[in-house]
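Q: here is my input, please return the structure:
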Amino acid sequence: MRRRRIVVLVTLAGLAALAVSQLVHPLAPTSTHGPRTATDTPALPDTEAPARPPLRGLTVARTEVDLIDGSRPVVSGGVTLAGQRSLPTQVWAPTASGTFPLVVFVHGYDKGPSDYTRFCTELASSGYVVAAPSFPLEDPAQGFPLDRSQLADEAGDVSFVVTSLEARAGALHLAPGAVAVVGHSDGADVALLVAYGTGTTDPRVDAAVAVAPDPMAQGTAASAVPLLLVQGTDDSVVPYSASQTVYGQVDAPVIYLTLAGADHLAPVTGATPWTPVLDEGTARFLDATVAHRGPGTTGLAGQVADPPLATAESRS
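A: Now for the predicted structure:
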């Protein structure tokens, strides 16, 4: 069975006020990318409002929220393994004042949210609430046999997480109407399903980031949701040709970021020459498409590229 790797997501230190039915387990603050800033990040502006500056280096705190979807079972190979879906979710969030867009991060096969702590923390430090659920059939910590054939169920999990966290928008300091989904490997496949898949799309998603996805196996419809598509040319798990196929499948505005010489997991989880390019490229893409910060979408492909390490092409 092919192994995949993937990254995970984030929460505010102040989630003690969550509903009793969904337990909150505070974790220690995980990273400080610099002194705490008082920069406010208000709700998404009107399209005619001037762009706000990007946010970087915010202090980040992490929490865990136990989310349970009692309406949907865990099924593998036609066998019901559990009557409900447990989705413990790690949340990384800025401690600065203001409100911030929600980013749901989807981990890969045989991985869990903690494997993507570095990436999720870095993204949160750029002004996002990053929420990374653990998926029952992809995270070995859940105790079920792994089964990557049920990715459509994970797309439903992402929608459930969005609904659950939006119900707590005040406690999480979420900016209203600002949601993105980011995934790696199998998680990238799920992100594509949530943003573009026939029968699996969530209309609340404003942007998607897919790092090293497989080609989409189901139909897609034309969409206005922008996509940042990322893959390394030396990916040893998913062939680089897979992202080339996805680029042709998705009928939406796409920026295709190629990491020249990069492998499958290391740029996301560790310190490689491509890691800063991935981090900053993802932040700039979300700034332009979800948070309305920075110079906007004009010339965005040029902003995320960093030759010769990374090149980018775009399609509107």
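Q: what helices and strands are in contact with the longest helix anywhere in the chain?
A: Once the chain is assigned using DSSP state H, the helix that runs over the most residues is helix 151-166. In terms of contacts (3 or more C-beta pairs under 8 Å, 6 or more residues apart in numbering; DSSP states H and E), helix 151-166 is packed against strand 59-69, strand 85-94, strand 100-106, strand 129-133, strand 174-184, helix 186-196. Quick note: C-beta positions are derived from backbone N, CA and C, even for glycine.
Q: all helices for this structure, in order.
A: 117-124, 151-166, 169-172, 186-196, 240-249, 266-269, 275-286, 300-304.
Q: just the ones you listed: most buried one?
A: Ranked by mean neighbour count under mean count of other C-beta atoms under 10 Å, the helices of the chain are led by helix 186-196, which reaches a mean of 30.
Q: keeping just the C-alphas, turn that one into PDB.
A: Listed next in PDB are the C-alpha coordinates belonging to helix 186-196 (Å, rounded to 0.1, in the frame of the first residue of the first chain):
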ATOM      1  CA  ASP A 186      -4.000  12.200   0.000                       C
ATOM      2  CA  GLY A 187      -4.900  15.300   1.800                       C
ATOM      3  CA  ALA A 188      -4.400  17.300  -1.400                       C
ATOM      4  CA  ASP A 189      -6.800  14.800  -3.100                       C
ATOM      5  CA  VAL A 190      -9.400  15.700  -0.400                       C
ATOM      6  CA  ALA A 191      -8.800  19.400  -0.800                       C
ATOM      7  CA  LEU A 192      -9.500  19.000  -4.500                       C
ATOM      8  CA  LEU A 193     -12.700  17.100  -3.800                       C
ATOM      9  CA  VAL A 194     -13.900  19.800  -1.300                       C
ATOM     10  CA  ALA A 195     -13.200  22.600  -3.800                       C
ATOM     11  CA  TYR A 196     -14.000  21.100  -7.200                       C
END
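Q: mind checking how far that helix is from the chain centre?
A: Distance of helix 186-196 from the chain centroid (C-alpha atoms, centre = their mean, to the nearest Å) equals 10 Å.
Q: next, the angle strand 100-106 makes with that helix.
A: Between the axes of helix 186-196 and strand 100-106, defined by axes from the mean of the first three to the mean of the last three C-alpha atoms, to 10 degrees, the angle is 130 degrees.
Q: circling back: the helices and strands packed on helix 151-166: which one's closest to residue 302?
A: Of all the helices and strands packed on helix 151-166, it is strand 174-184 that lies closest to residue 302, at 21.1 Å by C-beta to C-beta.
Q: so which elements touch that closest one?
A: strand 100-106, helix 151-166, helix 186-196, strand 207-211.
Q: next, the angle from the longest helix of the chain to helix 186-196.
A: Angle of helix 151-166 versus helix 186-196, following the same axes, to 10 degrees, is 70 degrees.
Q: using CSV, write out every CA atom in helix 151-166.
A: Extracted in CSV, the C-alpha atoms of helix 151-166 (Å, rounded to 0.1, in the frame of the first residue of the first chain):
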residue,chain,number,x,y,z
LEU,A,151,-11.4,10.0,0.5
ALA,A,152,-14.9,11.2,-0.3
ASP,A,153,-15.8,10.6,3.3
GLU,A,154,-12.9,12.8,4.3
ALA,A,155,-14.3,15.6,2.2
GLY,A,156,-17.5,15.3,4.3
ASP,A,157,-15.3,15.4,7.4
VAL,A,158,-13.8,18.7,6.2
SER,A,159,-17.3,20.2,5.8
PHE,A,160,-18.2,19.0,9.3
VAL,A,161,-15.1,20.6,10.8
VAL,A,162,-15.9,23.9,9.0
THR,A,163,-19.4,23.9,10.4
SER,A,164,-18.3,23.0,13.9
LEU,A,165,-15.6,25.7,14.1
GLU,A,166,-17.7,28.4,12.5
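Q: quick one: mean pLDDT for it?
A: Per-residue pLDDT values over helix 151-166 give a mean of 98.
Q: how about stretch 124-135?
A: Stretch 124-135 comes out at a mean pLDDT of 98.
Q: re the thing from before, including distance to residue 94, could the helices of the chain go into TSV?
A: Shown next, in TSV, are the helices of the chain (distance: least, C-beta to C-beta, whole Å):
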stretch	distance to residue 94
helix 117-124	6
helix 151-166	15
helix 169-172	11
helix 186-196	22
helix 240-249	30
helix 266-269	21
helix 275-286	13
helix 300-304	22
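Q: just so I know, which of those helices lies nearest residue 55?
A: Comparing the helices of the chain by C-beta to C-beta, helix 275-286 comes nearest, at 8.6 Å.
Q: what's the spacing between the spatially most central residue of the chain and residue 130?
A: When C-alpha atoms, centre = their mean is applied to the chain, the residue found nearest the centroid is residue 182 (2.3 Å). Look at residue 182 and residue 130: by C-beta to C-beta, to the nearest Å, they are 8 Å apart.
Q: which neighbours do these two have in common?
A: Residues touching both residue 182 and residue 130 (C-beta atoms under 8 Å, 6 or more residues apart in numbering) are 103, 105, 123.
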